[in-house]
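K.L.:
With the sequence up front, the predicted model follows.
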Amino acid sequence: MKLVKSYIIAILVIFPFFIKAQETLPIYSDYLSDNVFLVHPSAAGIGNCGKVRVTARSQWAGIEDAPSLQTLSAHTRIGENTGVGLILFNDKNGYHSQQGVQGAFAYHIDLDRPDEVNQLSFGISLMAVNNSVDESTFVIPDPEISAIIRSESYFNADVSMAYHNKGFFSYVTAKNVMLSARNLYNESYESLNLRRYLVTLGYYFGEGKDLQFEPSVMAQSIERTGEKFVDFNMKVYKNVQDAQIWAAFSYRKGFDNADTEELNYLTPILGVNFKNFMASYTYTKQSGDILFDDAGYHQITLGLNFGCRERRRSGCPNINGSF
C-alpha cells in the first residue's frame, strides 16, 4: 500500500511538471500573433489602438485529457500616457487545471514629438490564480486520495519595461516576482519560486512598402531550475489590396544545466489583418531526441482593434496596430 501511495502521489505531483505545465499563464508563441501584452505588461495600451485577442490552444491532438489553454485579453490607452489591460485564462492539463485573472497598468513616456516613435514604457500586472486537481475520478482506494476536487488560490505579480524607437522594439519583464504559489501538496514537492525573466528585442523593416520584415529574439530564464530558452523569430508582412497577410516562423531552443538534450520547438504561424480584425493559425512541433509525443500543438487567435487613433511614423506593428 505504501508503494501504491507513493506512486500515485508521484504521478500527481511530478507529471504536470515533467510535461512543462505552468504555474501561471504559460509562455508559448502567442506574442507573435500581435499579442505581446500576454507576455509583457508594459505593452498595455502601448500602440495607437486598443486590442482584444482570443486564443484557443490544443496540445497533443487526439490524446485524451491533453493540455489545452484558452485566453481572453484586452488592453487600451486611457488619456495620453496611461494604459490598462485585463487577461483571463483557463489552462487544463489532465487532472490539473488553473484559472486566472490578471490586471495590468502601464505608463508611457514620449521622448520625442508625439508623431514620432521614441517611447519608454513601464508596466505592472497583478494576478489571482486558482489551481485545482480533480481526484473524484480516481478508482484506486487510498486514504491519501480525497476523491474530491481540491483547490488552492494564490496571488502573484509581474513587472515590465519597454522601449520603442522607430522600428526598434524591446521589452524586459520579470514574471511571478512574489514568492507565492499553489500548495496542493506540500513544500517538499512544490517550490514557491516561480520567477522567470524575459527579454525581447526586434526591428521592423519596410515601413510604407508592400513587403515588410520583422526579425526578433526572445530570451527567458527560470530562476529556480536554471533553464533557459531563446526564441529566434522572423515575421513577414505582405500588403494585398485592402488586407495584409503575414507569416511568422519561430524556433525555440532550450538550454539547461543537465547533460541531456532539451526539447526544441518549431512554430510556423499564418495570419491575416483586415481593417480592424485579425486572425491567425499557429502550429508547433517538437524536435530533438526526447519527445513527449509526435502530435503537434494547434492554436487559433482572433482579434479586434478598437478606438484607433492616428498612426505614428516608422513604428512597428505593435505601435501602429491598425492596418
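P.N.:
Okay, I see it.
K.L.:
alpha carbons only for contacts and neighbour counts from here, please
P.N.:
OK.
K.L.:
Below-threshold pLDDT in the stretch 51-200 of the chain: ranges please.
P.N.:
Applying pLDDT under 70 to the stretch 51-200 of the chain flags residues 60-65, 134-150, 180-191.
K.L.:
Which residue ranges of the protein form helices?
P.N.:
Here the chain has its helices, by DSSP state H, at 2-18.
K.L.:
wait, what's in contact with Ala279?
P.N.:
271-273, 300-303 (C-alpha atoms under 8 Å, 6 or more residues apart in numbering).
K.L.:
10 Å - rerun?
P.N.:
33-34, 53-55, 245, 270-273, 300-304 (C-alpha atoms under 10 Å, 6 or more residues apart in numbering).
K.L.:
That one: what's its closest spatial neighbour, skipping adjacent residues?
P.N.:
Counting by C-alpha to C-alpha, 6 or more residues apart in numbering, Leu302 is the residue found nearest to Ala279 once chain neighbours are left out, at 4.5 Å.
K.L.:
Specify the beta-bridge partners of the one you found.
P.N.:
Under the criterion DSSP bridges, Leu302 forms beta bridges with Val54, Ala279.
K.L.:
Tell me which stretches of this structure form strands.
P.N.:
Secondary structure of the chain (DSSP state E): strands at 50-59, 68-78, 82-93, 96-110, 118-134, 149-165, 168-175, 196-203, 211-222, 228-240, 243-255, 264-274, 277-287, 297-306.
K.L.:
In TSV: those, plus distance to Arg313.
P.N.:
As requested, the strands of the chain are exported to TSV (distance: least, C-alpha to C-alpha, whole Å):
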stretch	distance to Arg313
strand 50-59	18
strand 68-78	18
strand 82-93	20
strand 96-110	13
strand 118-134	10
strand 149-165	10
strand 168-175	12
strand 196-203	14
strand 211-222	15
strand 228-240	17
strand 243-255	18
strand 264-274	19
strand 277-287	21
strand 297-306	19
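K.L.:
Isn't Asp231 up against Gly202?
P.N.:
No - Asp231 lies out of contact with Gly202 (C-alpha atoms under 10 Å); the separation is 11.5 Å.
K.L.:
right, and the residue nearest to Ala279 touches Arg57 too?
P.N.:
No - counting by C-alpha under 10 Å, Leu302 does not reach Arg57; the two are 11.9 Å apart.
K.L.:
For the two, list the residues in contact with both.
P.N.:
By C-alpha under 10 Å, 6+ apart, the residues touching both Leu302 and Arg57 are Tyr281.
K.L.:
pretty sure Met178 contacts Ser125?
P.N.:
No - between Met178 and Ser125 there is no contact under C-alpha under 10 Å: 11.7 Å.
K.L.:
what is in contact with the two at once?
P.N.:
156-158.
K.L.:
between these, which is nearest Leu266?
P.N.:
Of all the shared contacts of Met178 and Ser125, the one with the least separation from Leu266 (C-alpha to C-alpha) is Asp158, at 27.2 Å.
K.L.:
thought the closest one was touching Lys175?
P.N.:
Yes - if you go by C-alpha under 10 Å, Asp158 and Lys175 touch, sitting 4.4 Å apart.
K.L.:
who touches both of the two?
P.N.:
Common neighbours of Asp158 and Lys175 (C-alpha under 10 Å, 6+ apart) are 39-41, 124-125, 195-197.
K.L.:
ranking those by neighbours, who comes first?
P.N.:
Sorting the shared contacts of Asp158 and Lys175 by how many neighbours each has (other C-alpha atoms under 10 Å) puts Pro41 first, at 36 neighbours.
K.L.:
With neighbour count and distance to Asp115 as added columns, please give the shared contacts of Met178 and Ser125 in CSV.
P.N.:
As requested, the shared contacts of Met178 and Ser125 are exported to CSV (neighbours: other C-alpha atoms under 10 Å; distance: C-alpha to C-alpha, whole Å):
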residue, neighbour count, distance to Asp115
Asn156, 20, 36
Ala157, 20, 32
Asp158, 24, 30
